[in-house]
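In: What follows is a protein structure lacking sequence information:
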């Protein structure tokens, strides 16, 4: 099993969710996060005074899938989240050793 962590723009969440549902991927955890990458923030104005915003708001979506689902899920997230501009985000894939469903005690693939 793999955990797919996607850092995306907040307004792209509905598109990402729709593309995952089309792949029959259910279950996603979403968190509000802030950060920066190559774009290094941006300058805004408040009462005509410029100020630097270093950490930009993003969403972190985490999904755990079977190994054979990784490539289609990553492709779907990338296509749905892409705007073509700097700051579209990143996708990370990492191994998951075990998954347990608390309610039933099921484990691994059966717990997904």
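Out: Done, it's in. Keep in mind that this is a model prediction, so the values were computed, not measured. Residues are numbered from 1 along each chain as shown.
In: longest helix of this protein?
Out: Ranked by residue count, the top helix of the chain under DSSP state H comes out as helix 70-81.
In: Tell me the buried residues in that one?
Out: 70, 73-74, 76-78, 80-81 (16 or more other C-beta atoms under 10 Å). To be clear about C-beta, it is placed using only N, CA and C from the backbone, and glycine gets the same treatment.
In: what does stretch 23-39 give?
Out: Buried residues in stretch 23-39 (16+ other C-beta under 10 Å): 25, 28, 30.
In: mind checking the SS state of the first one?
Out: When the structure is reduced to helix, strand and coil (DSSP: H, G, I helix; E, B strand; the rest coil), residue 25 reads as coil.
In: how about it, what does it touch?
Out: 63, 65, 69, 73 (C-beta atoms under 8 Å, 6 or more residues apart in numbering).
In: Surely the second one and residue 4 touch.
Out: Yes - here residue 65 reaches residue 4: they are 6.5 Å apart, a contact under C-beta atoms under 8 Å.
In: tell me, what's touching these two both at once?
Out: Joint contacts of residue 65 and residue 4 (C-beta under 8 Å, 6+ apart) are residue 73.
In: Relative to residue 100, how far out is residue 56?
Out: According to C-beta to C-beta, to the nearest Å, residue 56 stands 35 Å off from residue 100.
In: Could you check how many residues crowd around residue 54?
Out: By the criterion of other C-beta atoms under 10 Å, residue 54 has 10 neighbours.
In: Can you check the pLDDT for it?
Out: What the model reports for residue 54 is a pLDDT of 73.
In: One more: residue 35?
Out: 82.
In: same question, residue 41
Out: The per-residue pLDDT of residue 41 was computed as 61.
In: ditto for residue 68
Out: 95.
In: Show me where the chain dips below the pLDDT cut-off.
Out: Filtered on pLDDT under 70, the chain yields the residue ranges 39-44, 46, 51, 53.
In: all helices of it, in order?
Out: 13-22, 70-81.
In: Now do the last one: everything it contacts.
Out: By that I understand helix 70-81. 2, 4, 6, 8-9, 12, 15-16, 18-20, 22-23, 25, 61, 63, 65, 88-89, 91, 93.
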